[in-house]
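Undergrad: coords please:
(2 chains)
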Amino acid sequence: DTAVSQTPKYLVTQMGNDKSIKCEQNLGHDTMYWYKQDSKKFLKIMFSYNNKELIINETVPNRFSPKSPDKAHLNLHINSLELGDSAVYFCASSLRQGEQYFGPGTRLTVT
Amino acid sequence: QKEVEQDPGPLSVPEGAIVSLNCTYSNSAFQYFMWYRQYSRKGPELLMYTYSSGNKEDGRFTAQVDKSSKYISLFIRDSQPSDSATYLCAMAANTGKLIFGQGTTLQVKP
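TA: Next up, the predicted model:
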């Protein structure tokens, strides 16, 4: 009965590869997010979707493309992976302003 | 200047101590103020949520917001070793976009 789940938990890949991370929430929330947490634990928003519509799109390289097939799912596809993409990626969902529930994270390592 | 400033610590206290964690911010449009707790290798979990100046208490935790000084605090009473984690303040205006502080690492020693 996990509220926000992500797969995979760990992802190790080489530079230049393309990879996807999947997120699902069973909380019935309308809004979902992708965050990136760097090695210094700084958490920064990347994208937000409300009911399958993109509402926040931060200054993120266009190698990153989010996709929301329905309001319970938000996936993140990354093309041509670079060393600097190594980080922990968190999915989150919310019902009201500020009150966000985070998934367990996907630890991406690019070699 | 960052929109939200938070001392990363680390902060080490003995069990039973009162812990005070703080953040300052520069954006007057922030209306929602949150504290998240993040254990090592886990996702952040919402601890406290406030949208007005003043205090909010939940068990051993008290969140304080002073909008006039652009300053928020989290107090932990009777701290326990299980409170050892990174505490992240976060704020939002009406855009729904959360801006996080860098996080303060807390260690409570038995």
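
Undergrad: Could you tell me how far A:Tyr101 is located from B:Lys109?
TA: Distance of A:Tyr101 to B:Lys109, given as CB to CB, to the nearest Å: 30 Å. C-beta coordinates here come from the backbone N, C-alpha and C atoms, glycine included.

Undergrad: if you count what's nearby, which of the two comes out ahead?
TA: Each of A:Tyr101 and B:Lys109 has its neighbours counted (other CB atoms under 10 Å in any protein chain shown); A:Tyr101 has more, 19 against 11.

Undergrad: Where does that one fall, secondary structure wise?
TA: Element membership of A:Tyr101 [criterion: DSSP states H and E] is strand A:100-102.

Undergrad: Tell me which strands that strand pairs with, and in which orientation.
TA: Here strand A:100-102 has these sheet partners by DSSP bridges: strand A:87-94 (antiparallel).

Undergrad: Just the CA coordinates for the strand it pairs with, please, in CSV.
TA: Provided in CSV are the C-alpha atoms of strand A:87-94 (Å, rounded to 0.1, in the frame of the first residue of the first chain):
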residue,chain,number,x,y,z
ALA,A,87,21.8,12.3,-8.6
VAL,A,88,18.8,11.0,-6.8
TYR,A,89,15.5,11.7,-8.6
PHE,A,90,12.4,11.9,-6.5
CYS,A,91,8.8,11.8,-7.6
ALA,A,92,6.2,13.5,-5.4
SER,A,93,2.4,14.1,-5.5
SER,A,94,0.2,16.6,-3.8
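
Undergrad: ok, which residues in chain A are in contact with chain B?
TA: A:4, A:31, A:40-45, A:48, A:50, A:55-56, A:90, A:92, A:94, A:97-105, A:107 (CB under 8 Å from any CB of the partner chain).

Undergrad: Nothing else from me, thank you.
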